[in-house]
Structure formats: structure tokens, C-alpha cells
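K.L.:
Sequence and predicted model, in that order:
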Amino acid sequence: MIELFYFIVLALLLSLAIDVLFGELPTKIHPVVIMGSIISFFKKIFIKIKNRLSGLLLVLFSVLAVSIILYIIYYLFSFNSLLLFIIFIILLSTTFSVNMLLKTAVDVKTDLDISIDKARESVSYLVSRSTDELTESFIVSAVIESLTENITDSYVAPVFYYAIFGIIIMLNPMNNHFYYLLLIPMLYRLFNTLDAMVGYKSDELKDIGFVPAKIDDILNYVPSRIAGIYVMISAYLLKLDGKNSYEIMRRDARNCPSPNSGYTMATTAGALDIQLIKKDTYILGDANREIGKDDITRAVNLSKMTIALFTLTILILLTLIHVIL
């Protein structure tokens with residue numbers, strides 16, 4: 001039990017360190033890229049079915065393929081505990097994306113210092129809206145929206161599910177538990193990738209994307225609300241407007257088309273006392289002051305504190321479970 005506890009905790013800490021210090025794995029061997037190829041392969045087959053069964057089949061076959069590939073990797077390294085641990089933490093680090101999340105926001109701020117056209121180009125990779133004519137305030141808003149929306153699926157949600165299953169196997173050890181401990185956050189990343197690739201309401205994707213989009217909404221329902229609470233707590237710790245953060249979350253979190261994305265975005269808008277706007281889609285927060293590029297830095301610091309505080313909570317929770325056992 002002691003070894004299992006230390007494995008779970010050290011794997012989380014080391015995988016986070018790998019991501020923060022080194023960022024993403026090379027594209028050719030990145031699990032999310034491989035997942036994308038698997039999804040594309042099955043999409044070509046099942047999109048011919050013109051009803052929502054296509055999406056269910058896409059999910060099932062993608063899950064099966066990823067599970068088999070991961071088990072093969074696990075089996076190949078299971079004969080050496082050290083190698084298995086190294087592969088485990090490397091693969092676990094790919095289920096979240098803290099480095100890229102924070103770096104992309106900082107990079108756009110840097111580009112804004114150079115020229116607005118360069119910033120428009122940079123932010124076009126982060127959001128789906130047209131960026132050709134965005135003013136500086138709308139660029140800053142788009143960056144903060146993208147940054148804070150992705151706190152949930154880039155870190156909080158995969159770590160949440162990793163911790164939940166970690167607690168389950170601490171309470172009830174099972175065969176191949178390290179495989180399942182890694183599979184759970186990997187499958188979360190798969191569902192998130194499925195939603196990103198096919199979860200749109202276009203005529204082509206409305207059928208095949210329905211089931212993946214609903215699964216992603218369900219999986220993010222609890223983590224997004226937890227993330228919103230941690231943004232609010234972090235606002236208090238950073239001496240931002242924690243009270244307003246909570247009030248704006250309650251008032252505006254449901255303004256977004258997604259049932260989940262508004263919880264971190266609205267809370268951030270309240271904490272920074274700014275208004276985040278996606279034209280013709282949503283308005284979050286109050287325009288009490290003009291939004292500026294320095295708000296990107298504040299949002300990045302708020303995100304860092306949220307991630308750190310959530311991680312600390314998970315570590316404390318795992319430790320308490322271990323002590324009680």
C-alpha cells in the first residue's frame with residue numbers, strides 16, 4: 001500500500017514537472033496526435049452512417065484502439081519497474097498541457113508589444129473566431145478566454161480523474177492497477193480530442209459529433225465547477241477581487257453555449273474586474289474598467305495559482321486517504 005501511494009503521488013508530481021519544464025512531446029510520438037489519427041481513421045468509416053449511431057461507434061472503436069495500444073506499451077515495460085515508472089510519468093504528462101496553456105497566452109502578450117497584426121495571427125491559433133480585425137481589447141479578451149476555459153480540460157479534469165481512480169485502487173487494489181491508473185486520464189484526453197475534432201454542429205458533423213460532445217460535457221461537468229471554485233479561491237490569495245469573482249461566476253457562468261466553459265472564464269472576469277466578450281455569443285463580467293494587455297499577465301498568474309492550489313489539494317487528499325488506511 002505504501003508503494004502504491006508513493007507511486008501515485010510521485011507520478012503526478014514528476015509528470016507535472018516534465019510538462020512544466022519541457023512542454024509537449026514531439027508531434028510524431030505524442031499520444032494526442034496518435035489519438036487524432038485513430039479518430040480520423042474511424043471517422044472516415046462511420047461518418048457514412050447518417051445518424052447518431054455513427055458517433056457512438058466512433059467512440060467505442062477509438063476507446064478500444066487506445067486501450068489496446070496503451071496495454072501493449074504497459075505490457076512491454078511491465079517487466080522492469082523503473083522503466084515502467086518512467087514511461088508512466090512521461091505518458092501521464094501528455095494528458096495535461098500546463099506549459100503550452102500558459103506559454104501561448106504569454107506569447108500573444110509579447111506579440112502585442114511588437115505589433116497588433118502579429119498578435120492577431122497568434123491568437124487565430126487559439127480561437128475559432130475571425131481575428132483579422134480584432135482590436136487590442138478583443139485580442140486580450142480572446143487570450144484570457146482561451147487560457148481560462150482550458151484550465152479545466154488541460155489540467156484540472158485529467159488530474160481529477162487520475163486522483164479519483166488513484167483513491168479507488170488505494171482502497172481496493174486490483175490486477176494491472178497501474179495500467180488502469182494511466183488509462184483513465186488517457187481516455188479523458190481521448191474524449192476531449194474527440195469533441196475537439198468532431199463535436200461541432202455543422203451539417204457534416206452534427207450526427208457523428210453528438211455522442212462525443214455529450215460525453216465531453218458530462219466528463220467536464222464536475223471538474224469545470226471545481227476549477228471555477230479554485231479560480232475564486234486563488235483570486236482571494238492573490239488579493240484580486242475574490243468576492244466579485246464568485247458573484248460573476250454565479251451570474252454569468254451559464255451565458256456560454258457550453259455548459260462548462262463559463263465557470264472558469266466568468267470567475268476570471270470577476271476576479272480581474274473586466275469584461276470578456278465573444279461577439280454574438282456571450283458577455284462575461286462588467287466593463288468597470290478597460291481591459292488591457294497587462295490583464296493577460298494577471299490571468300496567467302491566476303491560472304498558475306489555480307493549478308498549484310488544486311494540485312496541493314489532490315496531494316493532501318491522497319495523503320489523508322493513505323493515513324486513514
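P.N.:
That came through, no problem. Numbering: from 1, shown residues only.

K.L.:
Contacts for stretch 231-238, please.
P.N.:
Stretch 231-238 is contacted by residues 148, 151, 241-242, 245-246, 249, 264, 267-268, 270-271, 301-302, 305-306, 309 when judged by CB atoms under 8 Å, 6 or more residues apart in numbering. Any C-beta I mention is one placed from the backbone N, CA and C, and that applies to glycine too.

K.L.:
let's see 10 Å
P.N.:
148, 151, 156, 240-249, 263-268, 270-272, 298-299, 301-310, 313 (CB atoms under 10 Å, 6 or more residues apart in numbering).

K.L.:
ok, residue 323 to residue 295 distance?
P.N.:
41 Å (CB to CB, to the nearest Å).

K.L.:
Narrow the contacts of stretch 231-238 to those that are buried.
P.N.:
When these are checked for burial by 16 or more other CB atoms under 10 Å, the buried set is 148, 151, 156, 240-242, 244-249, 263-268, 270-272, 298-299, 302-307, 310.

K.L.:
before we move on, back to that, okay, and which of the contacts of stretch 231-238 map to helices?
P.N.:
148, 151, 242-249, 263-268, 270-272, 298-299, 301-310, 313 (DSSP state H).

K.L.:
Identify the residues contacting the closest residue to residue 4 other than its chain neighbours.
P.N.:
Nearest residue to residue 4, sequence neighbours excluded (CB to CB, 6 or more residues apart in numbering): residue 170, at 6.1 Å. With contact taken as CB under 10 Å, 6+ apart, residue 170 is in contact with 1, 4, 5, 8, 177, 318, 321, 322, 324, 325.

K.L.:
One more: residue 288?
P.N.:
241, 244, 272, 273, 274, 275.

K.L.:
can I assume the fourth one is in contact with residue 247?
P.N.:
No. Residue 273 lies out of contact with residue 247 (CB atoms under 10 Å); the separation is 11.1 Å.

K.L.:
list residues touching both of those two?
P.N.:
241, 285, 286.

K.L.:
Which one of those is nearest to residue 129?
P.N.:
residue 285 (18.1 Å; CB to CB).

K.L.:
For the chain, just list every one of the helices.
P.N.:
Under DSSP H, the chain gives helices at 2-22, 31-46, 53-77, 81-93, 98-114, 116-124, 136-151, 157-171, 177-198, 210-237, 242-252, 262-272, 294-324.

K.L.:
And these: which comes nearest residue 280?
P.N.:
helix 136-151 (12.6 Å).

K.L.:
Return the set of buried residues in the closest one.
P.N.:
137-151.

K.L.:
One more: stretch 26-33?
P.N.:
Quick answer for stretch 26-33 (16+ other CB under 10 Å): 31, 32, 33.

K.L.:
Can you give the distance of it from its chain's centre?
P.N.:
Distance, stretch centre to chain centre, for stretch 26-33: 17 Å (CA atoms, centre = their mean, to the nearest Å).

K.L.:
Repeat that for stretch 194-204.
P.N.:
That offset, for stretch 194-204, works out to 18 Å (CA atoms, centre = their mean).

K.L.:
ditto for stretch 100-119
P.N.:
With CA atoms, centre = their mean as the basis, the mean position of stretch 100-119 lies at 20 Å from the chain mean.

K.L.:
same question, stretch 145-158
P.N.:
4 Å.

K.L.:
got the CA coordinates for that stretch in CSV?
P.N.:
Taking Å, rounded to 0.1, in the frame of the first residue of the first chain, the C-alpha atoms of stretch 145-158 are listed here in CSV:
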residue,chain,number,x,y,z
GLU,A,145,-11.0,33.3,-22.5
SER,A,146,-8.9,30.6,-24.2
LEU,A,147,-6.5,30.4,-21.2
THR,A,148,-9.1,30.2,-18.5
GLU,A,149,-11.5,27.9,-20.4
ASN,A,150,-8.7,25.4,-20.9
ILE,A,151,-7.7,25.3,-17.2
THR,A,152,-10.4,22.6,-16.9
ASP,A,153,-9.5,20.2,-19.8
SER,A,154,-5.8,21.0,-19.9
TYR,A,155,-5.2,20.1,-16.2
VAL,A,156,-8.0,20.0,-13.6
ALA,A,157,-10.1,17.3,-15.3
PRO,A,158,-7.4,14.8,-16.2
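
K.L.:
before we move on, back to that, looking at the contacts of residue 170, point me to the pair that's furthest apart.
P.N.:
Counting by CB to CB, the most remote pair of the contacts of residue 170 is 177 and 324, 19.0 Å apart.

K.L.:
Among those two, which residue is more densely surrounded?
P.N.:
Taking other CB atoms under 10 Å, residue 177 and residue 324 do not tie; residue 177 has more neighbours (18 against 8).
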